[in-house]
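> compute the structure for the input listed below.
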Amino acid sequence: MKPSESMTELLRAKIAASPRAAIPFRDYMNLCLYHETYGYYSRESVKVGKDGDFYTSVSIGTIMGEVLGSYFIRLAEELAESDSRVAIVEWGGGTGRLAALVLDTIARLHPELYARLDYTLIEISAYHRELQRQSLVGHARVRVMAEEEWTRAEKAAGGGSVSIIFSNELLDAFPVYRVERKDGDLYEWHVGWNEGERRFEERLLPLAPGSPAAVYMEEEGIAVREGQVIEVNPAASDWIRRAGDAIRIGALVTIDYGDVAEELYAAHRMRGTLMCYRRHRAADEPFDYPGEQDMTAHVNFTACIRAGEAAGFAEWSLRTQKRFLLEEGALELLVPHDGTDPFSAEARRNRAVRQLLISDQMSELFKVLVQTKKR
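From the prediction side, this is the model:
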């Protein structure tokens, strides 16, 4: 049986077991992405790059890793004593490519900091944990583990290090609730099975007072227009709070698709932001290819900032990725050359800088939220 067929059977069984013959969209998305056997991120398949389903900023040369490595050096110098240990924690590190670039950059530019650095990757997928271990075999003091292991280790260690926790395209893949206003009433999307058409489909059920989606919308003051569909992502705020609880002194750096609430829930976004990616094709059909396509929704950075303040972060900044790259030295990574070979190392490097800054609006759609706790 193909993985997609196994996922379909799993979902159909969940739906059949439900008293309403439907499961919340959030549960459907969670199973499609994170089921331990059939979920998209658990499958042993290439997901990023030309042989995968989508590109990320890390796919474009080495620039993103070099800029982040330099930025983490500056953060460490601002937040840590000159001889204290520094912990960098990357959440959802994929293949480990970004971690390797960051560590290579720190080792090259600041070997003294590199010598007192602990680097941890938190990863839910056993498949990706193994890829990360292989990518980072040349670096000392690197750990790869699940969140529960890391939490236990941090409690045992007493949290003495200055910590920099960061993620790149993590929160946009957290499972979301979908809410729609129809004929004046609010409904939560559920997923049912259409036996006649042999496919999954949305089922609108009244939004229950006190449900996670309803509570989130009330806390964030979100209004839904008639006919509008929105995504609700309490898991992102919960993650910010958990990360904040783990940081005594340090920074939380969140890089992701998203915007402030005013933009995300504006009148021109009547069908929400949910998108699916498969073989470099984008679509808004979450019921196609269950378990075989990536699914994302834009991050509400207003909610992330509010969650960070509740977790004790005293300062924050929100920039577009383009502005972050420019202000943190991306243009300094351009190299002068007068060769005519477009495939030379210099030409490829300069092309990567330009692509990150101006191509496909990626650097405008992505935001970089930095939240800090100081002494």
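> for the chain, what are the low-confidence residue spans?
Applying pLDDT under 70 to the chain flags the ranges 1-4, 47-55, 57, 59, 158-160, 335, 338-343, 353, 359-361.
> so L204 is in contact with L186, correct?
No: with contact defined as C-beta atoms under 8 Å, L204 does not reach L186; the gap is 9.6 Å. C-beta: built from backbone N, CA, C; applies to glycine.
> now the strands for the stretch 101-250 of the chain?
117-122, 142-145, 162-168, 177-182, 185-194, 199-206, 229-232, 250-259 (DSSP state E, counting those that start in this stretch).
> for the fourth one, buried residues please.
Translated: strand 177-182. In terms of neighbour count (16 or more other C-beta atoms under 10 Å), strand 177-182 has its buried residues at Y177, R178, V179, E180, R181.
> test my guess that Y187 contacts P206.
Yes: using C-beta under 8 Å, Y187 is in contact with P206, at 6.0 Å.
> quick one, which of those two is more surrounded?
More crowded of Y187 and P206, by other C-beta atoms under 10 Å: Y187, with 19 against 10.
> just give the closest residue to the more buried one, not the sequence neighbours.
Leaving aside its sequence neighbours, Y187 sits nearest to L204 (C-beta to C-beta, 6 or more residues apart in numbering; 3.9 Å).
> contacting residues for that neighbour?
L204 sits next to E180, K182, Y187, E188, W189, H190 when contact means C-beta atoms under 8 Å, 6 or more residues apart in numbering.
> which residue ranges of the stretch 151-300 of the chain form helices?
For the stretch 151-300 of the chain, applying DSSP state H, counting those that start in this stretch gives helices covering 212-220, 234-246, 261-264.
> dump these to a markdown table, plus distance to E328 and mean neighbour count.
Shown next, in a markdown table, are the helices of the stretch 151-300 of the chain (distance: least, C-beta to C-beta, whole Å; neighbours: other C-beta atoms under 10 Å):
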| stretch | distance to E328 | mean neighbour count |
| --- | --- | --- |
| helix 212-220 | 30 | 17 |
| helix 234-246 | 21 | 20 |
| helix 261-264 | 24 | 15 |
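> so L103 sits right up against S135, yeah?
No: using C-beta under 8 Å as the test, L103 is too far from S135 to be in contact (10.0 Å).
> can you pick out the residue with more neighbours from the two?
L103 (25 against 22).
> grab the nearest non-local neighbour of Q132.
Looking at Q132 with C-beta to C-beta, 6+ apart, the closest residue is G96, at 3.6 Å.
> count residues in the vicinity of that neighbour, would you?
For G96, the neighbour count with other C-beta under 10 Å is 25.
> show me what contacts it?
Contacts for G96 (C-beta under 8 Å, 6+ apart) come out as L121, H128, L131, Q132, R133, Q134, S135, L136, V144.
> can you name the residues bridging to Y257?
Assessed by DSSP bridges, Y257 has beta-bridge partners F366.
> how about the buried residues of strand 177-182, which pair is most distant?
Within those, two members stand farthest from each other by C-beta to C-beta: Y177 and R181, at 13.9 Å.
> which residues touch the longest helix that the chain contains?
Assignment by DSSP state H gives helix 63-79 as the longest helix of the chain. The list of residues contacting helix 63-79 from outside it, by C-beta under 8 Å, 6+ apart, reads 57-58, 86, 88, 97-98, 100-106, 109-110, 113, 162, 164, 166, 168, 249-251, 253, 324-325, 328-330, 333, 349, 352-353, 356, 372, 374-375.
> in it, which residues are buried?
63-73, 75-76, 79.
> for the helix or strand just after that helix, packing partners?
Next along the chain after helix 63-79, taking DSSP states H and E as the criterion, comes strand 86-91. On a contact count with 3 or more C-beta pairs under 8 Å, 6 or more residues apart in numbering; DSSP states H and E, strand 86-91 meets helix 97-109, strand 117-122, strand 162-168, helix 234-246.
> end to end, how far does stretch 304-318 reach?
Across stretch 304-318, the terminal residues are separated by 11 Å (C-alpha to C-alpha, to the nearest Å).
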